[in-house]
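Trainee: Generate a structure from the sequence data that follows.
(chains A and B)
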Amino acid sequence: MSDLADAKKLLAEAIHADAATVPDGARIGGFERWDSLAHLRLILALEEIIGRRLDPDEAVEIESLQDVAALLTRPNAPR
Amino acid sequence: MMPARGRPVLLKTDRFELRSATPADASDRWLGWAKDPAIMGPLNMPVHAMRREELAAHIANVDNFMRYLVGIFEKAGGTQIGFFMIDVEPTHRYAIFNVAIGEKGWWGKGVVNEARAALLDHFFETRGIEKAIGLPLARNFPALFNYKAQGWRHEGTLRGQCLSATDGSRLDQYQFGMLRKDWRRLRAKGGPS
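Mentor: Numbers count the residues shown, from 1 in each chain, chains lettered A, B, ... in the order given. Okay, here's the model as predicted:
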């Protein structure tokens, strides 16, 4: 499974929906189901997967599904 | 000497009425929020068993000039669900926005950005404010989401900026900013709500 697919799965779980409903271009402010509580669930799930807390400068850069995928690609490398 | 008292805020959005709180708004509901770690924690405020008279006095001390305490009330039914505290720096024409949504059933339902959009319109267009600032804790991910969704700019990460109200550790904060000219530009383009 690609990192984008994994990211989609994470976001789908955060919004309590099927991954098929998450568009590849999902981003904050552009995908209605991605709300503030979903964002909380998404970040906590992401941290659990990569095994560490996100650095504040990493967390603030997460704006899109692609950004989540990038963190999954390089879980140990703060950007 | 008592500070000068400014004009109270009274605004309406699609779902909410926003108005300057008065001592009569000191309710058991509001007192309950002050005792709830899930509400106070993200604001880095200690839980506090406050008496109604204390809350009423706190509200009465707000001058609607340098500091605003604006309640968020459901239009349907009039129940208060949260509040904004806004601190104005008149010399430099900026205002620092803080918000708490006390009613958990409203979490994740876009309350903050709907209400804050109306407040930004109001403070920028009628109260001479030229910059709005938000200072959420770095671990307050719902707040982080809201600032980004509303188009605020991340202006910096303030490392170890404040002491935790619960365990004394140092906490990181973000600074988000919104200039009046940028807000007007966003509004002219039809967003954000």
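
Trainee: in chain B, which spans are strands?
Mentor: Taking DSSP state E, the strands of chain B run over residues B:10-12, B:16-20, B:67-74, B:80-89, B:94-101, B:131-134, B:153-163, B:170-179.

Trainee: Point out where the chain drops to low pLDDT.
Mentor: I'll assume chain A. A:1, A:77-79 (pLDDT under 70).

Trainee: Actually, chain B is the one I wanted.
Mentor: B:1-4, B:193.

Trainee: Which residues of it lie near chain A?
Mentor: Residues of chain B lying close to chain A (C-beta under 8 Å from any C-beta of the partner chain) are B:107-110, B:112, B:138, B:141-146, B:148-151, B:154, B:157, B:159, B:172, B:174, B:192. Glycine gets a C-beta too; all of them are placed from N, C-alpha and C.

Trainee: and with 6 Å instead?
Mentor: Within chain B, the positions adjacent to chain A are B:Trp107, B:Gly108, B:Ala138, B:Phe141, B:Pro142, B:Phe145, B:Asn146, B:Lys148, B:Ala149, B:His154, B:Thr157, B:Asp172 by C-beta under 6 Å from any C-beta of the partner chain.

Trainee: The last one against A:Pro56, yeah?
Mentor: Yes - contact criterion C-beta atoms under 6 Å: B:Asp172 and A:Pro56 qualify, at 4.7 Å.

Trainee: Now the common contact residues for these two.
Mentor: Overlap of the contact sets of B:Asp172 and A:Pro56 (by C-beta atoms under 6 Å, 6 or more residues apart in numbering or on different chains) consists of B:Ala138.

Trainee: Show me which of these two is the more surrounded one.
Mentor: A:Pro56 (20 against 17; other C-beta atoms under 10 Å in any protein chain shown).

Trainee: Looks like B:Pro46 contacts B:Ala165 (just checking).
Mentor: Yes - if you go by C-beta under 6 Å, B:Pro46 and B:Ala165 touch, sitting 4.5 Å apart.

Trainee: Name the residue in those two with the higher neighbour count.
Mentor: Neighbours were counted for B:Pro46 and for B:Ala165 using other C-beta under 10 Å; B:Ala165 has more, 16 against 12.

Trainee: measure the more buried one to chain A for me?
Mentor: According to C-beta to the nearest C-beta, to the nearest Å, B:Ala165 and chain A sit 19 Å apart.

Trainee: Also B:Gly134?
Mentor: As for B:Gly134, its distance to chain A is 12 Å (criterion: C-beta to the nearest C-beta).

Trainee: Could you report the neighbour count for the nearest residue to that residue once chain neighbours are set aside?
Mentor: Spatially, and ignoring its direct neighbours in sequence, B:Gly134 is nearest to B:Phe176 (4.3 Å; C-beta to C-beta, 6 or more residues apart in numbering or on different chains). The tally of other residues near B:Phe176 (other C-beta under 10 Å) stands at 24.

Trainee: Check B:Gly177 too.
Mentor: The burial count assigned to B:Gly177 is 16, neighbours taken as other C-beta under 10 Å.

Trainee: State which helix of chain A is the longest.
Mentor: Using DSSP state H, we find that the single longest helix of chain A is helix A:36-50.

Trainee: That one packs against which elements?
Mentor: Using 3 or more C-beta pairs under 6 Å, 6 or more residues apart in numbering or on different chains; DSSP states H and E, the elements in contact with helix A:36-50 are helix A:3-14, helix B:141-149.

Trainee: what's in contact with it?
Mentor: Helix A:36-50 is contacted by residues A:10-11, A:14-15, A:53-54, A:75, B:107-108, B:141-142, B:145-146 when judged by C-beta under 6 Å, 6+ apart.

Trainee: Check stretch B:125-136 too.
Mentor: Contacts for stretch B:125-136 (C-beta under 6 Å, 6+ apart): B:93-97, B:120, B:123, B:143, B:147, B:173-180.

Trainee: Need the buried ones from the residues you listed selected in PyMOL.
Mentor: In PyMOL syntax, the buried subset of the contacts of stretch B:125-136 is picked out as below (16 or more other C-beta atoms under 10 Å in any protein chain shown):
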select buried, chain B and resi 94+95+96+97+120+123+143+147+173+174+175+176+177+178+180
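
Trainee: Nearest the middle, which residue of chain A would you pick?
Mentor: By C-alpha atoms, centre = their mean, chain A has its centre lying nearest to A:Val68, at 3.9 Å.
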